[in-house]
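Engineer: Requesting a structural model of the entry that follows:
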Amino acid sequence: MGIFSIFSRSKKNTSLSNEEAAQLAESKAVYDKGLARSKESVLGKLARAVAGKSKVDDEVLDNLEEALITSDVGIETTLKIIKRIETRVARDKYLNTNELNHILKEEIAALLTENKSGEAEEFVIETDKRPYVIMVVGVNGVGKTTTIGKLANMFKSAGLKVYLGAADTFRAAAVEQLVEWGRRANVPVIKQNMGADPASVAFDTVKSAVANDADVVIIDTAGRLHNKIGLMNELTKIKNVMKKVVDHAPDEVLLVLDGSTGQNAFEQAKQFTKATEVTALAITKLDGTAKGGVVIGVSDQFQIPVKYVGLGEGINDLQLFDKEEFVDSLFKD
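Structural biologist: Here you go, the predicted model:
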């Protein structure tokens with residue numbers, strides 16, 4: 001058995017090549033730019049929370065709690081963070097407010113680490129489990145199809161052979177959009193007529209991928225939530241038919257959430273985790289919102305790792321999630 005890996009994260013290696021250093025610098029720049037609005041909002045609220053105070057006391061903690069909640073971190077996750085900081089205050093006795101940013105970065109990074117968000121140092125495909133099958137779920141309008149197109153481009157640029165399946169057969173626009181992304185990324189898209197059985201499209205896609213020795217298969221699915229029982233049955237059927245071709249499919253169920261919707265993203269995650277077993281998250285549209293705190297809350301509340309973040313409209317602005325770069329960019333003063 002061999003292992004094929006891409007997206008090696010070499011930044012922890014002390015001897016970076018020029019190319020690796022350039023890639024790291026580019027990634028940091030994308031994070032800084034994409035999270036600029038969220039950073040401005042968060043830092044402004046933190047500044048107000050500690051205004052006129054030199055020590056972290058109960059009033060500062062109350063203000064900090066309000067700042068985090070209004071930054072879309074979510075109530076339960078905010079209370080976890082506050083409790084961690086209270087522990088630090090009790091231990092260190094007199095904590096200066098100018099240390100608060102640093103402590104917040106440490107505690108939020110620790111929370112993200114606990115559910116393995118941003119932990120993957122490389123994307124690995126075992127050669128005896130090719131193709132690697134990703135089933136993508138999410139409501140209409142969150143950037144699901146765009147995310148699939150950007151993923152296809154990412155994989156293709158890394159030298160992988162990629163197949164896309166247009167299993168959202170209820171919306172002509174979704175199929176057309178996926179076909180256009182396939183053209184841009186130069187990867188094949190398997191589709192059928194409108195209204196066709198989504199499971200049939202998924203079956204044909206995986207079968208074609210196997211026949212053509214593909215490395216990765218990405219399946220688009222319908223984003224309807226009006227009938228959760230129907231959605232659950234549909235996604236289960238798609239899974240089952242793909243297993244008839246490759247018994248390990250799907251290797252990943254990726255839920256795409258729109259970060260700009262703030263607390264509504266929590267509800268979407270709640271509904272989809274009830275409908276199917278979600279294994280990873282992609283959070284999009286973070287560049288156009290001040291609601292970047294939602295990444296922290298959703299990751300913590302659902303204990304599902306964030307794998308990708310959308311930090312711009314460009315084809316290369318979908319990034320592997322890196323908790324350290326995320327927290328650094330969000331709290332950089």
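
Engineer: Count the neighbours of Y163 for me.
Structural biologist: 25 (other C-beta atoms under 10 Å). To be clear about C-beta, it is placed using only N, CA and C from the backbone, and glycine gets the same treatment.

Engineer: now swap in Q303 and tell me
Structural biologist: Using other C-beta under 10 Å, Q303 has 11 neighbouring residues.

Engineer: can you check the one 10 residues further on too?
Structural biologist: One way to gauge burial is a neighbour count; for E313, by other C-beta under 10 Å, it gives 12.

Engineer: Could you pull out the strands in the chain for me?
Structural biologist: Applying DSSP state E to the chain gives strands spanning 3-6, 123-126, 132-137, 162-166, 189-190, 216-220, 252-258, 280-284, 306-310, 318-320.

Engineer: Setting aside sequence neighbours, what's the nearest residue to the spatially most central residue of the chain?
Structural biologist: Closest to where the C-alpha atoms of the chain average out (C-alpha atoms, centre = their mean) is A282, at 2.3 Å. Among residues not flanking A282 along the chain, Y308 sits closest, at 4.0 Å (C-beta to C-beta, 6 or more residues apart in numbering).

Engineer: Likewise for A152?
Structural biologist: The spatially closest residue to A152, leaving aside those adjacent along the chain, is A185, at 4.3 Å (C-beta to C-beta, 6+ apart).

Engineer: Hmm, that neighbour is touching I148, no?
Structural biologist: No. In this structure A185 lies outside contact range of I148 using C-beta atoms under 8 Å: 9.6 Å.

Engineer: and those two? which has more neighbours close in?
Structural biologist: With neighbours defined as other C-beta under 10 Å, A185 and I148 compare such that I148 has more, 29 against 22.

Engineer: Run through the residues that contact the more buried one.
Structural biologist: Applying C-beta atoms under 8 Å, 6 or more residues apart in numbering to I148 gives the contacts 136, 164, 178, 181, 218, 220.

Engineer: among the helices and strands of this protein, which has the poorest mean pLDDT?
Structural biologist: Sorting the helices and strands of the chain by mean pLDDT, DSSP states H and E puts strand 3-6 at the bottom, at a mean of 56.

Engineer: For R171, the count of nearby residues, please.
Structural biologist: Around R171 there are 17 residues (other C-beta under 10 Å).

Engineer: Now do the contacts for it.
Structural biologist: Residues near R171 by C-beta under 8 Å, 6+ apart: 140, 222.

Engineer: Just flag the most distant two among the contacts of I148.
Structural biologist: Maximum pairwise distance in those, criterion C-beta to C-beta, is 12.1 Å, between V136 and W181.

Engineer: and the closest residue to A196 other than its chain neighbours, how many neighbours?
Structural biologist: Setting aside the residues directly before and after it, A196 is nearest to T169 in space (C-beta to C-beta, 6+ apart), at 4.8 Å. Residues lying near T169 (other C-beta under 10 Å) number 22.

Engineer: Just confirm T169 contacts Q192, I think it does.
Structural biologist: Yes. If you go by C-beta under 8 Å, T169 and Q192 touch, sitting 6.5 Å apart.
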